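Peer 1: predicted model follows, preceded by the sequence.
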Amino acid sequence: MSRKVLVIGEARDGVLRNVTFEAIAAAKQVGSGGEVVAVICGEGDLNSLAEEMIFYGADKVKVVQHSKLKTYTSEGYSQAVTEIIEQESPEAIIMGHTAIGKDLTPKLAGRMESGLISDATNIEISGENVVFTRPIYSGKAFEKKIVTDGVLFATIRPNNIPPLEKDSSRTGEISTVDIEIDDLRTVITDVIKKAADGVDLSEAKVIIAGGRGVKSKEGFEPLEELAEVLGGAVGASRGACDADYCDYSLQIGQTGKVVTPDLYIACGISGAIQHLAGMSNSKVIVAINKDPEANIFNVADYGIVGDLFEVIPQLIEEIKQLKV
Ligand code: FAD
């Protein structure tokens, strides 16, 4: 059964987030040959972003440009996307399970009196049904869900559903939609970035995470260097954040970010259950810890028992040699 699917795109600093392409791939699967319509909201010229979405598989893109959409607000974006939903009447809606996705989609689902499957990590088609897999109990188990009534609305976890290959020869309809946005009760006047520029932690393919074993702010420097040679991002345990070795925006775990990189290197992290909740679904886990009994070794694919300040510089050297 084919379905018309709407993908809610997301851009940051004028660049589409990778999860938008993953959502388009998911929409293709859910749509089973049906039309994939994408929407992108913002201020100024968004046509290059719209084209990019076509190259990654969207059939049609709706561009909503408005000064009140310059920065995300749930009020402004929900008005804009609701209008597109009314115009397009999709049978399914997909978005990334990002900070914005987590904020926007429940609001839209509530307005539509629809259900919402959040944080899906896999999609399968079984007869007429779309079966979504999602983690429960902080990633200790998975459940499978189907939607039996109404619009099929889901958010997908970044880094789990591979995007389609970019095809720059693809063409599709791009149209700008004029939408009246009511005066917003919340106006963002300034955005102050806490995290350093670089690879976005929630979408990073490689994460080097430091724990209390890093011992100081300066102790993060070798981790930053390793992240740089591997083209990855730096993350942290709450232990490291609580000790003020790094900013809370780097925290991974139950009360931090949930990540699924291809490679997660845990350095001086004991492996508390709350930390595992945020990273145990990473594809390959490497642990560096001087305590051979540390719990992190129970989830690691590769374990290095040793002092991180000796191991990491050697790793950096070896990787640099491989690159020569
Ligand atoms: P520790 O447990 O102190 O471990 C440090 C490790 O470093 C040790 O294993 C030690 O052997 C090793 N080490 C020390 N020196 C070196 C060295 N030179 N070389 C190599 N290894 C070394 N935690 C999170 O991470 N994320 C969360 O989201 C989170 N949410 C929480 C929510 C709740 C409600 C609660 C109660 C707790 C939460 N925690 C969370 C905290 C969690 O329980 C742990 O306290 C925390 O993860 C411990 O951080 P750590 O592993 O860095 O520190």
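Peer 2: Perfect, thanks for sending it.
Peer 1: where do the helices of the stretch 101-250 of the chain begin and end?
Peer 2: Secondary structure of the stretch 101-250 of the chain, counting by DSSP state H, counting those that start in this stretch: helices at 221-230, 238-242.
Peer 1: between these, which one is closest to the ligand.
Peer 2: The closest of the helices of the stretch 101-250 of the chain to the ligand is helix 238-242. By C-beta to the nearest ligand atom, the value is 2.4 Å. Bear in mind the C-beta positions are built from the backbone N, C-alpha and C, glycine included.
Peer 1: quick one, what contacts residue 162?
Peer 2: Residue 162 is in contact with 22, 25, counting by C-beta atoms under 8 Å, 6 or more residues apart in numbering.
Peer 1: please enumerate residues in contact with the worst-scoring helix or strand of the chain on mean pLDDT?
Peer 2: Least confident helix or strand, the chain: strand 11-12 with a mean of 92, by mean pLDDT, DSSP states H and E. Strand 11-12 is contacted by residues 17, 20, 40, 42, 46, 49, 200 when judged by C-beta under 8 Å, 6+ apart.
Peer 1: make a ChimeraX selection of the buried ones in those.
Peer 2: Only the buried entries of the contacts of strand 11-12 go into this ChimeraX selection, using 16 or more other C-beta atoms under 10 Å:
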select :17,20,40,42,46,49,200
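Peer 1: between the contacts of strand 11-12, which is nearest residue 129?
Peer 2: Set against residue 129, the nearest of the contacts of strand 11-12 by C-beta to C-beta is residue 20 (25.2 Å).
Peer 1: list the contacts of the helix or strand that contains that closest one.
Peer 2: Following DSSP states H and E, one finds residue 20 within helix 18-31. Residues from elsewhere that reach helix 18-31 (C-beta under 8 Å, 6+ apart): 2-11, 36, 38, 53, 56-58, 92, 94-98, 101, 120, 123, 125, 130, 152, 154, 156, 158-164, 203.
Peer 1: from the residues you listed, which land in strands?
Peer 2: Counting by DSSP state E, these place 5-8, 11, 36, 38, 92, 94-96, 120, 123, 125, 130, 152, 154, 156 in strands.
Peer 1: for residue 41, give me the pLDDT.
Peer 2: At residue 41, the pLDDT value in this model is 97.
Peer 1: my read: it touches residue 77, true?
Peer 2: Yes: here residue 41 reaches residue 77: they are 5.7 Å apart, a contact under C-beta atoms under 8 Å.
Peer 1: hey, what's in contact with both of these two?
Peer 2: With C-beta under 8 Å, 6+ apart as the test, residue 41 and residue 77 both reach residue 69.
Peer 1: in stretch 17-36, which residues are buried?
Peer 2: Residues of stretch 17-36 classed as buried: 17-28, 30-31, 34-36 (neighbour count, 16+ other C-beta under 10 Å).
Peer 1: just the CA trace of that stretch, in PDB.
Peer 2: Provided in PDB are the C-alpha atoms of stretch 17-36 (Å, rounded to 0.1, in the frame of the first residue of the first chain):
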ATOM      1  CA  ARG A  17      21.000  18.300   9.300                       C
ATOM      2  CA  ASN A  18      21.900  14.800   8.200                       C
ATOM      3  CA  VAL A  19      18.900  13.400  10.000                       C
ATOM      4  CA  THR A  20      16.700  15.200   7.400                       C
ATOM      5  CA  PHE A  21      18.200  12.900   4.700                       C
ATOM      6  CA  GLU A  22      17.700   9.900   6.900                       C
ATOM      7  CA  ALA A  23      14.000  11.000   7.400                       C
ATOM      8  CA  ILE A  24      13.600  11.100   3.600                       C
ATOM      9  CA  ALA A  25      15.000   7.600   3.300                       C
ATOM     10  CA  ALA A  26      12.600   6.500   6.100                       C
ATOM     11  CA  ALA A  27       9.700   8.300   4.200                       C
ATOM     12  CA  LYS A  28      10.600   6.400   1.000                       C
ATOM     13  CA  GLN A  29      10.300   3.100   2.900                       C
ATOM     14  CA  VAL A  30       7.100   4.100   4.700                       C
ATOM     15  CA  GLY A  31       5.600   5.500   1.500                       C
ATOM     16  CA  SER A  32       6.200   2.300  -0.400                       C
ATOM     17  CA  GLY A  33       6.200   4.200  -3.700                       C
ATOM     18  CA  GLY A  34       4.000   7.100  -2.600                       C
ATOM     19  CA  GLU A  35       4.900  10.700  -3.000                       C
ATOM     20  CA  VAL A  36       7.500  12.100  -0.500                       C
END
